[in-house]
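Visitor: Build me a model:
(2 chains)
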Amino acid sequence: RKEVEQDPGPFNVPEGATVAFNCTYSNSASQSFFWYRQDCRKEPKLLMSVYSSGNEDGRFTAQLNRASQYISLLIRDSKLSDSATYLCVVVLYSGAGSYQLTFGKGTKLSVIP
Amino acid sequence: DGGITQSPKYLFRKEGQNVTLSCEQNLNHDAMYWYRQDPGQGLRLIYYSQIVNDFQKGDIAEGYSVSREKKESFPLTVTSAQKNPTAFYLCASSPRLGSMNTEAFFGQGTRLTVV
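Guide: Down below sits the predicted model:
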């Protein structure tokens, strides 16, 4: 089983739709989680952190389910500008005071007019 | 402005040549990382460094080398031993050692093409 798995998509949705992505992780000792956004031919940028209690930032909601080892990202009222690839990131303590970031392959979202 | 800078943005290399990609950050971050991204693929970790003069291999270190002589700098050398070096290379940094809740900041990437 891969360390971090995402549905690659693409997800093609109309403007205004609600879309959800899931990401599963294999190591139960994983300690923190993020969603990044990557535009075509650009670097990834942090979208939001994911907390156990769930967190919301405008149209975006992130959830963590430790028991089932997955995180989710919900986008409401999709905009054309939301079209991008969304990367799930899992942080694991790798010993000697260091942490390793592991990225999923990303889920591609296309919002259609 | 604080940030992380990669150069060059585009790089062409002849087969059999070594080439070094630059990564500099002025964010005072301890940890730095090099990733490789191929079309339609996720990020794969090449090397990472949590402190000056120390670095560890990632998942795909073969054919690459790094150094961390200064906190601000983490150059990556793509050697002739790397069989398929054409890819998008991303450098990232994150704050203090041991900070699990901190994000990684990325440079704009270097697109390497072997001709």
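Visitor: So which residues of the chain form strands?
Guide: If you meant another chain, say so; for now it's chain A. For chain A, the strands defined by DSSP state E occupy A:4-6, A:11-14, A:19-25, A:32-38, A:44-50, A:55-57, A:60-65, A:70-75, A:84-95, A:98-103, A:107-112.
Visitor: that's the wrong chain, I wanted chain B
Guide: B:4-7, B:10-13, B:19-25, B:31-37, B:43-51, B:54-57, B:64-66, B:76-78, B:87-94, B:105-106, B:110-114.
Visitor: Can you pull the residues of chain B lying near chain A?
Guide: B:31, B:33, B:35, B:40-43, B:45, B:48, B:50, B:56, B:88, B:90, B:92, B:94, B:97-101, B:103-109, B:111 (C-beta under 8 Å from any C-beta of the partner chain). Just so you know, the C-beta spots here come from the backbone N, C-alpha and C atoms, and that holds for glycine as well.
Visitor: In a markdown table: the strands of chain B, plus distance to residue A:6.
Guide: Shown next, in a markdown table, are the strands of chain B (distance: least, C-beta to C-beta, whole Å):
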| stretch | distance to residue A:6 |
| --- | --- |
| strand B:4-7 | 25 |
| strand B:10-13 | 28 |
| strand B:19-25 | 26 |
| strand B:31-37 | 14 |
| strand B:43-51 | 12 |
| strand B:54-57 | 25 |
| strand B:64-66 | 25 |
| strand B:76-78 | 26 |
| strand B:87-94 | 18 |
| strand B:105-106 | 18 |
| strand B:110-114 | 24 |
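Visitor: want to try TSV for those, with mean neighbour count, mean pLDDT and distance to residue A:31 as columns?
Guide: Converted to TSV, the strands of chain B look like this (neighbours: other C-beta atoms under 10 Å in any protein chain shown; pLDDT from 0 to 100; distance: least, C-beta to C-beta, whole Å):
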stretch	mean neighbour count	mean pLDDT	distance to residue A:31
strand B:4-7	18	94	23
strand B:10-13	14	92	36
strand B:19-25	19	96	24
strand B:31-37	25	93	15
strand B:43-51	22	91	16
strand B:54-57	15	92	18
strand B:64-66	20	97	25
strand B:76-78	20	97	27
strand B:87-94	24	94	14
strand B:105-106	22	92	19
strand B:110-114	18	94	30
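Visitor: Go through those strands and name the closest to residue A:86.
Guide: Using C-beta to C-beta as the measure, strand B:43-51 is the one of the strands of chain B that comes nearest residue A:86, at 13.0 Å.
Visitor: ok, residues contacting that closest one?
Guide: Defining contact as C-beta atoms under 8 Å, 6 or more residues apart in numbering or on different chains, one finds that strand B:43-51 is touched by A:44, A:87, A:97-98, A:100-103, B:30-37, B:55-61, B:64, B:66, B:68, B:74, B:76, B:89-90, B:97.
Visitor: Looking at the strands of chain A, which is nearest to residue B:22?
Guide: Residue B:22 lies closest to strand A:44-50 among these, at 19.3 Å (C-beta to C-beta).
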